[in-house]
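Novice: Okay, sequence plus prediction incoming.
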Amino acid sequence: MTSPQLRTVLENQTIALAGVAQAARIVDQLSRTGTYPLEFLEASVHSLFSFDAPDVESVFGNVQGVRLGLQNLAAGLASGGDETSASMMRYLFAILHLERKFAGQTAMQQVVQKPITAHPIQGHPLCQSRQRYLSFSRCDLRRYPKPAVVSH
């Protein structure tokens, strides 16, 4: 196993892309079944609060945190993927498109990052979410109705 300090640029990019693929897979699975893989959701949520991480894999806790994303990325890039892989890849490309637009807007990045990195304020909804994300991730979303599908 390669240490984080010795990873190549391509390996780091693959880990980061796997993180995006994992988020896309979780969203797709949640929308279809109302369920999600807890251990990978925790790694994905952890990445939301990881600014200034020492290396790419630390953003997700470790490389095992994006194992689902790596598996789904490989399946999505393989020829003859199933409908689930195709759906996840559509989410992935849409997310990457939005990220490129977001990357060019420094002011908007600061607007988004500021409340996430702010010192905890008792009662602030974001701070409560940050402190309780693990308890949220254990809730059973199947008991809630599926969101309505909006056609364009």
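Specialist: Received, thanks.
Novice: List the buried residues for the lengthiest helix in the chain?
Specialist: Taking DSSP state H as the criterion, the chain has its longest helix at helix 9-33. Of the residues in helix 9-33, 14-29 count as buried by neighbour count, 16 or more other CB atoms under 10 Å. Just so you know, the C-beta spots here come from the backbone N, C-alpha and C atoms, and that holds for glycine as well.
Novice: List of residues touching it?
Specialist: The contact list for helix 9-33, computed with CB atoms under 8 Å, 6 or more residues apart in numbering, reads 2, 7, 35-37, 40-41, 43-44, 47, 55-57, 59-60, 63, 66, 68-70, 72-73, 76, 84, 87-89, 91-92, 95-96, 99, 141-142, 146-147.
Novice: gap between the residue most central in space within the chain and A86?
Specialist: Nearest to the mean C-alpha position of the chain, by CA atoms, centre = their mean, lies A23 at 3.4 Å. As judged by CB to CB, to the nearest Å, A23 and A86 stand 17 Å apart.
Novice: cool, Q29 as well?
Specialist: Note on Q29: its distance to A86, by CB to CB, is 14 Å.
Novice: same thing with R25?
Specialist: For R25, the distance to A86 equals 12 Å [CB to CB].
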